[in-house]
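Enquirer: sequence first, predicted coordinates after that:
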There are 2 protein chains.
Amino acid sequence: MVFPTMAGMSVQAHSLATAEVIAVGSELLTSLRIDTNSLFITDRLESIGIKVVAKAVVGDDGPSLSTLFQQALDRVDLVVLTGGLGPTDDDLTRAVVAEVLGRHCREDLGIIEKIQRRFNARGLKMPEINRRQGLVPDGAVALDNPNGTAPGLWLEHGNKVVLLLPGPPNELKTILQALIEGRLLSLAPSNFHLCRRILRITGRTESNVEEIAQPVYSLWKNHATPVYTTILASLGQIELHLTTSAETLTVGAERLEILTKELVAVLGHSVFSTDGSTLEEIVGNKLVERGHRLAVAESCTGGLLASRLTDTPGSSRYFDLGVVTYSNQAKNNYLGVSPDLIVTEGAVSELVAREMALCARTKADVHAAVAITGILGPGGGTTQKPVGTVAIAVAVSPEPVSRTFHFLGLRSDIKFQATQAALDLLRRELE
Amino acid sequence: MVFPTMAGMSVQAHSLATAEVIAVGSELLTSLRIDTNSLFITDRLESIGIKVVAKAVVGDDGPSLSTLFQQALDRVDLVVLTGGLGPTDDDLTRAVVAEVLGRHCREDLGIIEKIQRRFNARGLKMPEINRRQGLVPDGAVALDNPNGTAPGLWLEHGNKVVLLLPGPPNELKTILQALIEGRLLSLAPSNFHLCRRILRITGRTESNVEEIAQPVYSLWKNHATPVYTTILASLGQIELHLTTSAETLTVGAERLEILTKELVAVLGHSVFSTDGSTLEEIVGNKLVERGHRLAVAESCTGGLLASRLTDTPGSSRYFDLGVVTYSNQAKNNYLGVSPDLIVTEGAVSELVAREMALCARTKADVHAAVAITGILGPGGGTTQKPVGTVAIAVAVSPEPVSRTFHFLGLRSDIKFQATQAALDLLRRELE
């Protein structure tokens, strides 16, 4: 089916409610690449109230793209196509869209001049092949692409909009963001403001969080002004994403504040962040508040805890020293842990972790220290201390606190979870 | 369009050449989740010669799923649907597939008994709602799911196959892998063996690698027995993925070996790995070969270099000590770097990096040491030493070597690139 030409007809204000995203490119059908552009597009469209109802990936294949595009155009108000706007034979998006919409392609000299200037600025001559990027369907509006040669294209078709965006993420993001603040905003549902809030939780399993939080947040789903809650689990951390739409940002934020308070009331101290900040940032802020400097002694985590703590800009205000002592000998040589203690207790034990923390604190002459010692695997586990056993100590008060954990997963998973548990133990000690 | 029932008809041997993957689930249409299952599915199907020609994501919406599934069934030999097999009202995949194939759903008591046993094993009674997972289209073969309640389902429809897999990745992977070694293998193109090889490169830009490698690998694309090359760029590293299909694995491996040698001949020392091993592993192997132990002194990278070096199992054989000295004072206190040197040269300078490496080597009494000092930003940059300036020194020979780099990007990007450059400098010194 080919639609009649409707160039010149204008889309009515506030007519775009639904969208579909089609990513074009054979490389996206291999196991090496995934279409992550659609996450950004979905996020931005959602923020102005346009709902993405389906996503598709198709190779550089004219007939398949043609079918998919036609079907999408039948279903939704806005079709966003990404990729296939380059200068080579593989790049079919412009031609296929023109054909389905029943329009001719013409050369846009303004676009070609811009591409020429881009090459000239680098002291190069535009290859003849790039002229193809100036071929656009009748009625298309070129959208400025400051980061690349292919412009985005905006086409109106009856009450529908077709948007062509280049595939490289930095090019696509810049063009789309401009539309979200301009053309697309004016066509999106009116009086719509999306509000979001993220709660971060550690020290509980996903099912435990679900069990406790679900009776609270599910009541909000059916409100006249609903709040939707999504649980996202990652290593050593659970996130609750709350979203609502409201007539103003203030009204939405107030609604989210009430639900946040209700959730914190039932989940307690395990909620470490209600404003999107990370566990590293929370710990860093508490250290600054208390005027504490920190030393870190790591065995199995090999420097990952120090690395995470120094990921935050300004961490030099509280981070003093990190020591990675992998071997028993190193624990003695550089920290001063007693070899006898390691023999009697084993290197992976709370007593050794406590001694490591105390030694690090003394050595650095600071207020606070954290130590981690454990077995990451795949080798090294025993019946008594299987792979995943990790002892963590935190010395903030005169007497250190310590705990033994049993983590599951790959070597890298155990490593990350150990640093997460250490940061959480430190957070609780600083409270 | 509804197809006539064809239960009982058998798919002919070696008839599955093309496939399409449909991921079902409204959560996959938010900006928070992405369908990564399709990467695994693509990888496994490719390995037995079945080509994925399109992928789609659709919400928990019957009509949309029905349309997409019908269209896929018209286009390809194998349709893989993932998700929507749970016990709730949202889970529509079974019912929609049955309707499109024109089949009735019946209760499979064998499946229900298995689900009941799974609950009983945990001391629980199966909720009545889970009975729905035992409803299957006529003619479906249930595929054992050791990791969850919903079995996979295998349906033959004329010469086509429809495969329903549960959404959780660990459940899906186990079921699919069994099929790849069994049912699917017997229906895949015969005499097909996929061979792969990965070359890893550092110290060159993507466009530089492309410029040098393209004239070599492009000749192989049009061979009677072609090899396909994909360039993948990530932070501080370029990968060349070579793939070919051959009648035996040996023949394919020989072909890839020839192209690998041709590529190494033009790219030289910057190719650090031709067997998939990481830069950390290569460096570790070289240290073990030479019987060297290593000490690491880090400022701006905050422990990330030590953490990467200890990511490899068995790294205790060569990793001795890591020290994170963030402040100038710490560089003096724990390493013994002269405060005068820091004042005259600046903390971010090759002379300070060399001194840090020499001090760490002496302190740990080892053969080799690496030191990094730099400015990650966002603050702290000057005109002479902008954000991204990093000085790295490696002490393997009596006289250390050093270099100054200027990295671009976010704080985390600069941090990772600095560790990558340090590992590469160490690799070259150990050669």
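Expert: Cool, got the structure. Just so you know, these numbers come straight off a predicted model, no measurement behind them.
Enquirer: can I assume residue A:162 is in contact with residue A:155?
Expert: Yes. The criterion here is CB atoms under 8 Å, and residue A:162 meets it with residue A:155 at 4.3 Å. For glycine as for every other residue, the C-beta is placed from the backbone atoms N, C-alpha and C.
Enquirer: what touches both of the two?
Expert: Shared contacts of residue A:162 and residue A:155, defined by CB atoms under 8 Å, 6 or more residues apart in numbering or on different chains, are found at A:97, A:101.
Enquirer: so where do the helices sit in chain A?
Expert: A:37-47, A:62-75, A:93-100, A:109-121, A:169-180, A:183-187, A:206-221, A:249-267, A:279-290, A:304-309, A:328-330, A:339-345, A:350-364, A:411-430 (DSSP state H).
Enquirer: excluding its backbone neighbours, what's nearest residue A:39?
Expert: Spatially, and ignoring its direct neighbours in sequence, residue A:39 is nearest to residue B:31 (5.1 Å; CB to CB, 6 or more residues apart in numbering or on different chains).
Enquirer: so how far is residue A:228 from the closest residue to residue A:247 other than its chain neighbours?
Expert: Nearest residue to residue A:247 in three dimensions, chain neighbours excluded: residue A:191, at 5.0 Å (CB to CB, 6+ apart). Computed with CB to CB, to the nearest Å, the distance linking residue A:191 and residue A:228 is 18 Å.
Enquirer: counting neighbours, go ahead and name the busier of these two.
Expert: Using other CB atoms under 10 Å in any protein chain shown as the criterion, residue A:191 and residue A:228 rank with residue A:228 on top: 13 against 10.
Enquirer: nearest residue to the more buried one other than its sequence neighbours?
Expert: residue A:243 (5.1 Å).
Enquirer: show me the contacts for the one you found.
Expert: Counted by CB under 8 Å, 6+ apart, residue A:243 has contacts A:194-196, A:227-228, A:230.
Enquirer: tell me, what's the model's pLDDT at the spatially closest residue to residue A:172 that is not a sequence neighbour?
Expert: Nearest in space to residue A:172, with sequence neighbours left out and distances taken as CB to CB, 6+ apart, is residue A:165 at 4.7 Å. pLDDT for residue A:165: 97.
Enquirer: residue A:165: neighbour count?
Expert: 29.
Enquirer: now residue A:62, nearest residue through space, not along the chain?
Expert: Residue A:62's closest residue in space is residue A:92 (CB to CB, 6+ apart), at 5.2 Å.
Enquirer: no no, residue A:395
Expert: residue A:357 (4.1 Å).
Enquirer: from what I can see that neighbour touches residue A:372, true?
Expert: No. Counting by CB under 8 Å, residue A:357 stays clear of residue A:372, with 9.3 Å between them.
Enquirer: got any residues that touch both of those two?
Expert: residue A:297.
Enquirer: most distant residue from the middle of chain A?
Expert: Distance from the C-alpha centroid of chain A peaks at residue A:340, with 46.6 Å (CA atoms, centre = their mean).
Enquirer: mind pulling up the pLDDT for that one?
Expert: 95.
Enquirer: so how far is residue A:67 from residue A:104?
Expert: Taking CB to CB as the measure, residue A:104 falls 21 Å from residue A:67.
Enquirer: the more surrounded of these two?
Expert: The residue with more neighbours, out of residue A:104 and residue A:67, is residue A:67; 18 against 12, by other CB under 10 Å.
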